[in-house]
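Undergrad: Structure here, sequence nowhere to be found:
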C-alpha cells in the first residue's frame, strides 16, 4: 500500500477517523471527570468509536452503503457538536460570575464541541470531494 497513491478524499476520511479516536478519548475523560451528570454527555462518548470504525472501514473498502452510513454519522456529529456548544456555553453561564473569563478557563471547554463539529464537517467535505 503506497500513501502517494491515495486520493485526497480517502486520506481525509482516514484522518477524520483517527481524529475521532483522539477527540473521543478527550471527551470521555472530560465527561467522566464530571460523572456524566447529564445524559447527553454520553452521545459523543458512544458515537466517536462508531465514527472511527465506519471511517476506517470506508478508507479501505469503498462501498456505497458505507459512504451513506459515514455521511449520516458525520451529519449526526455536526449536530451533536452544535448541541454540545449550547450545553457547554450554558455550563459556563451557570457558574458563579457567569461569562467571566475565569469560567471559560475552568468551566466546560466551549471550543471542544466546535472541534467535534469541525471534524465531522471535514468528513462530509471528504465524502463529497470531487
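TA: Happy to help now that I have it. Being a predicted model, the structure only gives us computed values, none of them experimental.
Undergrad: ok, residue 30 touching residue 109?
TA: Yes. Counting by Cβ atoms under 8 Å, residue 30 touches residue 109, with 6.9 Å between them. In this view, the C-beta of every residue, glycine as well, is placed from N, C-alpha and C.
Undergrad: name the helices or strands packed onto the helix ranked longest in the chain?
TA: Counting residues, the longest helix in the chain under DSSP state H turns out to be helix 64-94. If you count contacts as 3 or more Cβ pairs under 8 Å, 6 or more residues apart in numbering; DSSP states H and E, helix 64-94 packs onto helix 42-60, helix 111-128.
Undergrad: quick one: residue 103 and residue 92 touch, right?
TA: Yes. Counting by Cβ under 8 Å, residue 103 touches residue 92, with 4.9 Å between them.
Undergrad: Need the pLDDT of the residue lying farthest from the centre of the chain.
TA: Outermost residue of the chain with respect to the C-alpha centroid, by Cα atoms, centre = their mean, is residue 97; its distance is 29.4 Å. With respect to pLDDT, residue 97 has a value of 92.
Undergrad: how many other residues sit next to the nearest residue to it once chain neighbours are set aside?
TA: Computed as Cβ to Cβ, 6 or more residues apart in numbering, the closest residue to residue 97 that is not its neighbour in sequence is residue 103, at 5.8 Å. Counted with other Cβ atoms under 10 Å, the neighbours of residue 103 add up to 18.
Undergrad: OK, contacts around residue 103?
TA: 92, 95, 96, 97 (Cβ atoms under 8 Å, 6 or more residues apart in numbering).
Undergrad: out of those, which is most surrounded?
TA: Neighbour-wise, the contacts of residue 103 (other Cβ under 10 Å) top out at residue 92, 19 neighbours.
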